[in-house]
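**Q** pasting the structure only:
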């Protein structure tokens, strides 16, 4: 005969094994005064046309991709000399020399003036209109000069800038060919040209006025106040 202890052991062995309880994960404590990640400002959006008679294309799809394009939209909309204008109304096929592929190019603006001249306008920053400078690579053969580490980040930046420059030039060649056939004028407008027209740029500081100092960030409030030590 089995004892009571032996019987309980046998029953426990025959019974199904119990599932172990998984330990609960403690919730991660988030800091109280955590600052949000700073996101880059985007200057793209839809422009509401005031003078609808001038605009040729669809009024609901007047989409600008930068702050300079938005200001140029206002200039076309309010200027009396502009008879007709539109954003990206024409598609021009071209061969991209940077990537080696066939693509389509949409110039930023189509503008017709009161003197009968029509313009295709592309707005770009000035540094993208010039060919980038090649970074100097240190030569390993020179034994007299001290050895310098090769900066691969500058080389990657140069390759990226060179491909964008080649794509831009191939776009502009195709646009110029089309303009020569139709008797139009193709222009690449930079920030320097926009200022000469009379468009004020918000990015540049006004001459003679000192820029404001950035505001200091407030100190984080401590979560628990420290008790004063007893003397």
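**A** Thanks, I have the structure now. Being a predicted model, the structure only gives us computed values, none of them experimental. Numbers count the residues shown, from 1 in each chain.

**Q** Name the surrounding residues that touch stretch 65-80.
**A** 43-45, 47, 49-51, 54-55, 62, 64, 82, 85, 87, 108-109, 111, 114, 121, 123, 189, 191, 194, 197-203 (C-beta atoms under 8 Å, 6 or more residues apart in numbering). The C-beta positions use only the backbone N, C-alpha and C, and glycine is treated the same way.

**Q** Which of these are buried, as a ChimeraX select command?
**A** Filtering those down to the buried ones (16 or more other C-beta atoms under 10 Å) takes a single ChimeraX command:
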select :47,49,54,55,62,64,82,85,87,108,109,111,121,123,189,191,194
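
**Q** in this structure, which spans are strands?
**A** Ranges of strands in the chain, per DSSP state E, are 45-46, 63-64, 82-87, 92-96, 101-105, 109-113, 118-123, 185-189.

**Q** Relative to the second one, what are the paired strands and their orientations?
**A** Right, strand 63-64. Strand 63-64 pairs in its sheet with strand 45-46 (antiparallel), by DSSP bridges.

**Q** and what of the fifth one?
**A** Each strand that pairs with strand 101-105, with its direction, by DSSP bridges: strand 92-96 (antiparallel).

**Q** which residues does residue 172 contact?
**A** Residue 172 is in contact with 122, 186, 188, counting by C-beta under 8 Å, 6+ apart.

**Q** any idea of the pLDDT on it?
**A** pLDDT, residue 172: 94.

**Q** hmm, back to that, please produce CSV containing the contacts of residue 172, extended by distance to residue 180, pLDDT and neighbour count.
**A** As requested, the contacts of residue 172 are arranged in CSV below (distance: C-beta to C-beta, whole Å; pLDDT from 0 to 100; neighbours: other C-beta atoms under 10 Å):
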residue, distance to residue 180, pLDDT, neighbour count
122, 16, 95, 19
186, 9, 94, 18
188, 15, 93, 20
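
**Q** Please work out which residues outside stretch 128-136 touch it.
**A** Identification of contacts with stretch 128-136 by C-beta under 8 Å, 6+ apart yields 151, 154-155, 158, 161-162, 164-165, 168, 188, 190.

**Q** Setting aside sequence neighbours, what's the nearest residue to residue 55?
**A** residue 49 (4.9 Å; C-beta to C-beta, 6 or more residues apart in numbering).

**Q** surely that neighbour meets residue 56?
**A** No - Residue 49 is beyond contact range of residue 56, at 10.8 Å (criterion: C-beta atoms under 8 Å).
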